[in-house]
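**Student:** I'd like to go over a predicted model; first the sequence, then the structure.
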Amino acid sequence: MAAPLLEVRAVHAGYGRSEVLFGIDLAVAPGEIVGVLGRNGMGKTTLVRTVMGLLAPSAGSVRFAGREITGWPANRVARAGIALVPEGRQIFPNLSVDEHLTAFHRASPDGVATWTPRRVLELFPALAGRRGHLGNQLSGGEQQMLAIGRAIVTNPTLLILDEATEGLAPLVREEIWRALAQLREAALAMIVIDKYARRLVAIGDHHVIVEKGRVAWRGSSAEMAADPGLWHRYLGA
């Protein structure tokens, strides 16, 4: 098996005296899609923040591309090749679609620039006709597409999506899933946090279920699809 691209080992993290993660483990291989599921408040976003360097773990380690990145600041983590599509989108209201994509466009750490602003507009045709519109003039779905596009024009090795389809209309959600399927075909490694377990099973390779800051279950898409009891037990589905 290929060495993990990302490896989270026995990580503990939290906020002040409130610990949220209790020895959590996670691994992502090159080109693999890993789904992270769990009810609200179970530690999924805290895990993302810890990987991205937005939150320092109190114990454990995070390794990426063969390097220890535990404790790195977020800007250094991003330059190493991890991109985040954050929960809530966080689009700049006074920048246009074109300005978002141009400002964030850069080559990967290996000098590859496969994803360009033009290619993002091909991935999300709905944005092509809105190129001059400001962030606060876009619909929620368009903002989500732009948030994904803004992340992938950095040409990351690993893309993390935190609740990328939350609060979106069904047709827009399908557009997002279609785009993620294309990113999968391009062999981009991803961590996808989402409540739509059936769609994650369809697109992902492996999955972990987080319960109260610990990994309660891990397995393949086939294993998860074969055990609907997991969904009722841990996801309320």
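**Tutor:** Cool, got the structure.
**Student:** what's the next secondary structure element after the longest helix that the chain contains?
**Tutor:** Longest helix of the chain, by residue count under DSSP state H: helix 170-185. The element immediately downstream of helix 170-185 (helix or strand, assigned by DSSP states H and E) is strand 189-193.
**Student:** average pLDDT across that next one?
**Tutor:** Summarised as a single mean, pLDDT over strand 189-193 is 97.
**Student:** what comes up buried for the helix or strand that that strand is followed by?
**Tutor:** Next along the chain after strand 189-193, taking DSSP H and E as the criterion, comes helix 197-203. Judged by neighbour count (16 or more other CB atoms under 10 Å), helix 197-203 contains these buried residues: 197, 199-201, 203. C-beta: built from backbone N, CA, C; applies to glycine.
**Student:** Of these, which is the nearest to Ile160?
**Tutor:** Nearest to Ile160 among the buried residues of helix 197-203: Leu200, at 13.9 Å, using CB to CB.
**Student:** Do I have it right that that closest one meets Gly35?
**Tutor:** Yes. Look at Leu200 against Gly35 with CB atoms under 8 Å: they come within range, at 3.7 Å.
**Student:** Put the alpha carbons of stretch 72-90 into CSV.
**Tutor:** Once non-C-alpha atoms are left out, stretch 72-90 reads as follows in CSV (Å, rounded to 0.1, in the frame of the first residue of the first chain):
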residue,chain,number,x,y,z
TRP,A,72,2.8,24.6,11.8
PRO,A,73,0.9,27.9,11.2
ALA,A,74,-2.0,27.7,8.8
ASN,A,75,-0.3,29.7,6.1
ARG,A,76,2.6,27.2,6.1
VAL,A,77,0.2,24.2,6.0
ALA,A,78,-1.6,25.8,3.0
ARG,A,79,1.7,26.4,1.1
ALA,A,80,2.6,22.7,1.8
GLY,A,81,-0.3,21.7,-0.4
ILE,A,82,-3.5,21.4,1.8
ALA,A,83,-6.5,23.5,0.8
LEU,A,84,-9.6,24.0,2.9
VAL,A,85,-13.2,24.8,1.8
PRO,A,86,-14.4,26.0,5.2
GLU,A,87,-17.9,25.6,6.6
GLY,A,88,-19.7,28.8,5.9
ARG,A,89,-17.8,29.5,2.7
GLN,A,90,-16.1,32.7,3.9
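**Student:** Name the residues that touch it?
**Tutor:** Here stretch 72-90 makes contact (CB atoms under 8 Å, 6 or more residues apart in numbering) with 6, 45, 48, 51-54, 64-65, 67, 69, 108-109, 140, 143-144, 146-148, 151-152, 154, 156-164, 166.
**Student:** one step back: shared neighbours of Leu200 and Gly35, anything?
**Tutor:** The contact sets of Leu200 and Gly35 overlap at 192, 194, 207 (CB under 8 Å, 6+ apart).
**Student:** Correct me if wrong, but the last one is in a strand.
**Tutor:** Okay, so that is His207. Yes. Using DSSP: H, G, I helix; E, B strand; the rest coil, the assignment for His207 is a strand.
**Student:** And it, what's its pLDDT?
**Tutor:** Per-residue pLDDT puts His207 at 95.
**Student:** which residues touch it?
**Tutor:** 34-37, 200-201, 218-221, 224.
**Student:** Same list (the shared contacts of Leu200 and Gly35) but as JSON lines, adding distance to Ala83.
**Tutor:** JSON lines is the format used below for the shared contacts of Leu200 and Gly35 (distance: CB to CB, whole Å):
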{"residue": "Val192", "distance to Ala83": "13"}
{"residue": "Asp194", "distance to Ala83": "17"}
{"residue": "His207", "distance to Ala83": "21"}
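**Student:** Going by distance to Pro93, which of those wins?
**Tutor:** Asp194 (25.2 Å).
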